[in-house]
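S.K.: structure for the following, please:
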Amino acid sequence: QAAQAKCSELAVTLGRERGVLRQTGLMHGTNSAEYKAQAKVVKELEKAHKDAVKSYQNFSDEQTKAGDKVKSLEEKLSGQKQQASELAKSLESAGINTRNLTSEQSRLQAQMDKIANLKSKFEALKESLDWGNIKADLMTCYSLIQSFQKHIKLAADFESAMARVQAAGFVRDGSDLSQLEELRKQALHLGDSTKYTSIEAAATQETLIRGGLKVPDVINIMPSVMSMATAENLPLNRSAEILVGLNSAMDITSDKAGHTADVLAIMSASYKTSIDSMYEGMSKAAGIAHTLKMPIEHLAALSAIAQQLGVEASTAGTSIKTGLLRISSNAKDFNKLGIRIQDNKGNFRQIDQILGDLFIKLQKYGPTKQVEILGGLFGKNSVDTWSKLITGQGRGMVTEAINIGNTEADGTTQKMQDIIMQTYNGNKALFESS
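M.R.: Presented below is the predicted three-dimensional model:
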């Protein structure tokens, strides 16, 4: 798991730094010192990633050798396999209902108590019995019983989680049984197809329902929650909080949640930020952005470029919110500089166009006067953020980020999840085989 995590972490970091290299080439040229320095960073990361993959492959070779040793023991286990088969048939004939174990918990607990009592007697007899050849058989049977108990408990925990989901769904919006059954199928499917368990998926469904979403919306948004969480190794509840928070603030419907997740992921991969930091930088300004009918790609571009240019995420979010509020309410101050805030139809112009106009207008002033003008337009506490955004747009950075969000984002989280799950499933199969 540590080797896998290291490979995944290096892959994400390498992708991000390659994005930085691309931006550096656009900003400074491929012959610049900045580009060469970043190219060196990327080369070192590529070597580190290659070494990590090689280390993991060495581990795989060691596992193969261990498998050879295990194979020599399989002949001794043939008799025990027969015992396991007979025990499985006995459990099936006992009438254990694996579809709904919640109703059987009391009976199963009583049986588990009996087993615990037998174990106690079993331990007491150890001192007086001559074990000989029966010791291995007895321990094998006991281990099989313990194994079945573990799986029964997991199934019971899942049933309990789904019962809470169903109760919440019925109380919140009177969901019918067919909708609740869809939630159940979805939780089982996500448990099979992602690195998270069905129990974790069910718990996230419950959180979303209790947060105000209707069952159809939960079904729509859950795949995006899981993909985004997998793509950047986020806790499921945090991934749900980010998607629901942004979609709610910007009035984005649940069927568009996948695009929201993709925009956050592509910005995280292309710039010096993360999905968590993108949310922190966007959530504060999402309300005013929605009022101005600003697309989510434009708000994401402002947050990503501000962080790319060295502004801390929370500071960027506060400054962007303040700046957008002042832009929307102080059009006359911009008009004095010859900058239009609205187009001919009265709609708010694209933010990169406004920033581009500001960059041109400010060139005829010295640094001190520029700071004075920006303080009047955006507020003194927001000058640093907006000054960097304007300078960045002078090199086309905001427009490029908007284009990335519009044309390259869709499918990003699924691609990242597929890559991670390929590695995860390969490791899982290796460890299960061992």
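S.K.: next SSE after the worst-scoring helix or strand of the chain on mean pLDDT?
M.R.: Lowest on mean pLDDT, DSSP states H and E among the helices and strands of the chain sits helix 134-173, with a mean of 52. Remark: after helix 134-173, the chain's next helix or strand is helix 177-193, criterion DSSP states H and E.
S.K.: buried sites along that following helix?
M.R.: Neighbour counts over helix 177-193 (16 or more other CB atoms under 10 Å) mark 179-180, 183-184, 186-187, 190-191 as buried. Heads up, the C-betas are built off the backbone N, CA and C, glycines and all.
S.K.: cool, stretch 306-325 as well?
M.R.: Residues of stretch 306-325 classed as buried: 306-309, 311, 313, 315-325 (neighbour count, 16+ other CB under 10 Å).
S.K.: inside helices: which ones of those residues?
M.R.: Per DSSP state H, helices hold the following members of those: 306-308, 313, 315-325.
S.K.: does Cys7 touch His49 like I think?
M.R.: Yes. Between Cys7 and His49 there is a contact at 7.0 Å, judged by CB atoms under 8 Å.
S.K.: what about the helices in the stretch 151-300 of the chain?
M.R.: Assigned by DSSP state H, counting those that start in this stretch, the stretch 151-300 of the chain shows helices spanning 177-193, 198-210, 215-232, 236-249, 257-270, 275-283, 286-291, 296-308.
S.K.: now render these as CSV, adding distance to Asp333.
M.R.: CSV is the format used below for those (distance: least, CB to CB, whole Å):
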stretch, distance to Asp333
helix 177-193, 51
helix 198-210, 43
helix 215-232, 39
helix 236-249, 27
helix 257-270, 30
helix 275-283, 25
helix 286-291, 17
helix 296-308, 20
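S.K.: for Gly338, which of the ones you listed is the nearest?
M.R.: Distance to Gly338, taken as CB to CB, is lowest for helix 296-308 among these, at 22.6 Å.
S.K.: which helices and strands does the closest one pack with?
M.R.: Under the contact criterion of 3 or more CB pairs under 8 Å, 6 or more residues apart in numbering; DSSP states H and E, helix 296-308 touches helix 257-270, helix 275-283, helix 286-291, helix 313-329, helix 351-362, helix 383-394, helix 397-407.
S.K.: any idea which of the buried residues of helix 177-193 is closest to Lys361?
M.R.: Once CB to CB is applied, the member of these that ends up nearest Lys361 is Leu190, at 51.7 Å.
S.K.: show the contacting residues for the closest one.
M.R.: By CB atoms under 8 Å, 6 or more residues apart in numbering, the residues touching Leu190 are 196, 198, 201, 222-223, 226.
S.K.: would you mind measuring from it to Leu325?
M.R.: Leu190 sits at a distance of 40 Å from Leu325 (criterion: CB to CB, to the nearest Å).
S.K.: repeat for Ile115
M.R.: Ile115 sits 66 Å away from Leu325 when distances are taken as CB to CB.
S.K.: model confidence over stretch 246-254, on average?
M.R.: The average of the pLDDT scores along stretch 246-254 is 90.
S.K.: tell me which two of the ones in helices among the buried residues of stretch 306-325 sit farthest apart.
M.R.: Gln308 and Leu325 (23.2 Å).
S.K.: count of neighbours near Ala265?
M.R.: Ala265 has 25 neighbours, counted by other CB atoms under 10 Å.
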